[in-house]
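Trainee: Dropping a prediction and its sequence here:
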Amino acid sequence: MSDPISAELALLEEAMRALAAGFADLPPAERPLDAAAARGALLEAAHRMRDNFPYHHPLYVGQMLKPPHPVARLAYAMAMMVNPNNHALDGGRASSAMEKEAVAQIASMAGFREHLGHLCGGGTMANFEALWVGREQAPGLAVAASAQAHYTHGRLAAVLGVPFRKVAIDADGRMDLAALEELLAAGGIGTVVATLGTTAAGAVDPLPEILALARRFRCRVHVDAAYGGYFTLAASLDPSARRAFDAVAEADSYVVDPHKHGLQPYGCGCVIFKDPSVGRHYRHDSPYTYFSSSELHLGEISLECSRPGAAAVALWATQRLLPLERGGALARGLDDGRAAALDLYETLVRDQRFVPRGRPDLDIVVFAVRARSASESSARARALFDAAAREGLHLALATFPRVMLEAAHPVDRWDSGELVCLRACAMKPEHRAWMPEIVVRLDRAARSLQL
Ligand SMILES: Cc1ncc(COP(=O)(O)O)c(C=O)c1O
């Protein structure tokens, strides 16, 4: 049996030859490749790339990183032969059609009956477009997002020249509804951002209640599900998260990142609008961006100009293999990650040395190291992070406000308003099988510090 690298390369060769056959009637115009020089550059690059944490391996359970599906990277590499650009139909005819199909599948996964949407560089760019459309719909009004929302929302509001208001969070790290109501009653808010899967803790904001409040005060609601969006397919959500995901289609706009849980290479975010007529805000009259068809093309409904057609091809091929359906292989992978996170959470509950922050909404586990004071606990968390890395286990660190940890009693004395905690993103389905090994290494790391 061939090793996985050889198997992938054989598939890539077959796909590249199938694509090349479509252009076989062209006169030859190959550019000669100096194989020795190319090999030198490539192998040097491969050696440089060894200087990385093993993001692709289950013992990496730190930041939001997981390898793309092999089909995604092979489809991407195959498409690079023609390197299409989805800014206009002339630049990427097939890949634009594939983008529309893949985005329609994402919109339908989220529950939208009608939509306007496209791919873009990532979650930040996708949120930017949603907040920009919000500003165009109601100029001058502020953006409100929770204190645990992604940090870029405040920065994006500044770029857009609109005020930004931070909404307090509750003990679960979710948007505090009383605080939101008070803010909305004071007036001046145009868009409320609800996060379904916060970056630090994977908390899911109570979307149905946020929608009800926003409607009462005539605001738009934007759902930032860059991280959590695909969990709508999962079978294992707790009822509060399920209710939130079931309400997504009532929001005005929605963002999900195929380059997080959608198994894509980086450079693949997605923004969806419920009302297709917001496309009018994108209108431009560029004389050099070709309008080769009477049909609305993607360059007319995206802020970016050049966009990688290969990203659309990779996403399309992945969704062809793994349709976005409940009970499908992609959904089961999410459930496996969540099961891994719940296993870790329950192990930590039983371990007197650690204090988990609360039952995870998705697949992210946050835990403090028990200590007398907050500063001592934070120092221990930093030391444990390093000790775990020495054991080959890669976690992440994140700082949380007291309100999100107090109920769990990790410390006797709060000499700081914040606590540095360990964070584990159990994003890979394989984390389920690897969790016992992860726990063994965590224990070894803790013992090495005499915790
Ligand atoms: C909830 C959320 N929103 C937005 C972003 C930003 O996305 P990107 O890094 O793809 O720009 C992230 C990234 O982690 C995120 O978790």
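Mentor: Yep, it's here. Model, not experiment: these values are computed from the prediction.

Trainee: Provide a list of residues in contact with E406.
Mentor: E406 sits next to A171, W414 when contact means CB atoms under 8 Å, 6 or more residues apart in numbering. The C-beta positions use only the backbone N, C-alpha and C, and glycine is treated the same way.

Trainee: typed the wrong thing, it's A433
Mentor: P58.

Trainee: buried residues in the strand or helix carrying it?
Mentor: Using DSSP states H and E, A433 sits in helix 431-448. Neighbour-count burial for helix 431-448 flags H431, R432, W434, M435, I438, V439, R441, L442, A445, A446 (criterion: 16 or more other CB atoms under 10 Å).

Trainee: For the ligand, tell me whether whichever helix or strand A214 is part of is touching it.
Mentor: Per DSSP H and E, A214 falls inside helix 207-216. No. If you take CB under 6 Å from any ligand atom as the test, helix 207-216 misses the ligand, and the best it gets is 13.7 Å.

Trainee: So which other helices or strands are in contact with that helix?
Mentor: helix 177-186, strand 189-195, strand 220-224, helix 239-246 (3 or more CB pairs under 8 Å, 6 or more residues apart in numbering; DSSP states H and E).

Trainee: Residues contacting the last one, please?
Mentor: For helix 239-246, the external contacting residues (CB under 8 Å, 6+ apart) are 111, 194, 196, 204-208, 228, 231-232, 237, 361-362.

Trainee: Need the buried ones from those selected in PyMOL.
Mentor: To isolate the buried ones among those in PyMOL, judged by 16+ other CB under 10 Å, type:
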select buried, resi 111+194+196+204+205+206+207+228+231+232+237+361+362
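
Trainee: Out of the contacts of helix 239-246, which is nearest to E129?
Mentor: Nearest to E129 among the contacts of helix 239-246: A194, at 16.8 Å, using CB to CB.

Trainee: Find me the pLDDT at the closest one, would you?
Mentor: Per-residue pLDDT puts A194 at 99.

Trainee: would you list the helices and strands packed on helix 207-216 in TSV and tack on distance to P401?
Mentor: Formatted as TSV, the helices and strands packed on helix 207-216 follow (distance: least, CB to CB, whole Å):
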stretch	distance to P401
helix 177-186	13
strand 189-195	16
strand 220-224	19
helix 239-246	21
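
Trainee: nearest to F273, of those?
Mentor: Per CB to CB, nearest to F273 of the helices and strands packed on helix 207-216: strand 220-224, 9.7 Å.

Trainee: what inclination does the helix holding A214 have with respect to helix 177-186?
Mentor: Helix 207-216 runs at 10 degrees relative to helix 177-186, counting by axes from the mean of the first three to the mean of the last three CA atoms, to 10 degrees.

Trainee: is it possible to export the helices and strands packed on helix 207-216 to JSON lines including distance to the ligand?
Mentor: Output for these, formatted as JSON lines (distance: least, CB to the nearest ligand atom, whole Å):
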{"stretch": "helix 177-186", "distance to the ligand": "18"}
{"stretch": "strand 189-195", "distance to the ligand": "5"}
{"stretch": "strand 220-224", "distance to the ligand": "5"}
{"stretch": "helix 239-246", "distance to the ligand": "13"}
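
Trainee: P4: which of the ones you listed is closest?
Mentor: helix 239-246 (33.7 Å).

Trainee: Quick one: residues in contact with the next helix or strand after the closest one.
Mentor: Next helix or strand after helix 239-246 toward the C-terminus (DSSP H and E): strand 253-256. Residues from elsewhere that reach strand 253-256 (CB under 8 Å, 6+ apart): 106, 110, 112, 123, 126-127, 130, 133-134, 220, 222-226, 229-230, 248, 262, 269-274.

Trainee: And for stretch 350-362?
Mentor: Counting by CB under 8 Å, 6+ apart, 171-173, 197, 201-204, 227-228, 231, 237-238, 240-241, 338, 341-342, 345, 348-349, 365-370, 400, 404-405, 407-410, 421, 446, 451 sit against stretch 350-362.

Trainee: now do stretch 147-166
Mentor: With CB under 8 Å, 6+ apart as the test, stretch 147-166 has contacts from 123-124, 127-128, 131-132, 135, 140-146, 167-169, 173-174, 183, 188-190, 193, 195, 198-201, 203, 224, 226, 401, 404.

Trainee: How far does it sit from its chain's centre?
Mentor: Taking CA atoms, centre = their mean, to the nearest Å, one finds stretch 147-166 lying 18 Å from the centre of the chain it belongs to.

Trainee: Keeping just the C-alphas, turn that stretch into CSV.
Mentor: In CSV, the C-alpha atoms belonging to stretch 147-166 read as follows (Å, rounded to 0.1, in the frame of the first residue of the first chain):
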residue,chain,number,x,y,z
ALA,A,147,-16.8,42.1,25.0
GLN,A,148,-15.9,38.5,23.9
ALA,A,149,-16.6,39.2,20.2
HIS,A,150,-13.6,39.0,17.8
TYR,A,151,-11.3,42.0,18.4
THR,A,152,-11.5,43.0,14.7
HIS,A,153,-15.1,44.3,15.0
GLY,A,154,-13.9,47.3,17.0
ARG,A,155,-11.2,47.9,14.5
LEU,A,156,-13.5,47.4,11.5
ALA,A,157,-16.0,49.9,12.9
ALA,A,158,-13.1,52.4,13.2
VAL,A,159,-12.1,51.8,9.6
LEU,A,160,-15.8,52.4,8.6
GLY,A,161,-15.9,55.6,10.7
VAL,A,162,-18.8,54.4,12.9
PRO,A,163,-18.8,54.3,16.7
PHE,A,164,-18.3,50.9,18.4
ARG,A,165,-20.0,49.8,21.6
LYS,A,166,-18.9,46.9,23.7
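
Trainee: Make residue 1 into 420 and carry on from there
Mentor: Got it, the first residue is 420 from now on, which makes the last one we talked about stretch 566-585.

Trainee: Give the buried residues for that stretch.
Mentor: Buried residues in stretch 566-585 (16+ other CB under 10 Å): A566, Q567, A568, H569, T571, H572, L575, A576, L579, V581, F583, R584.
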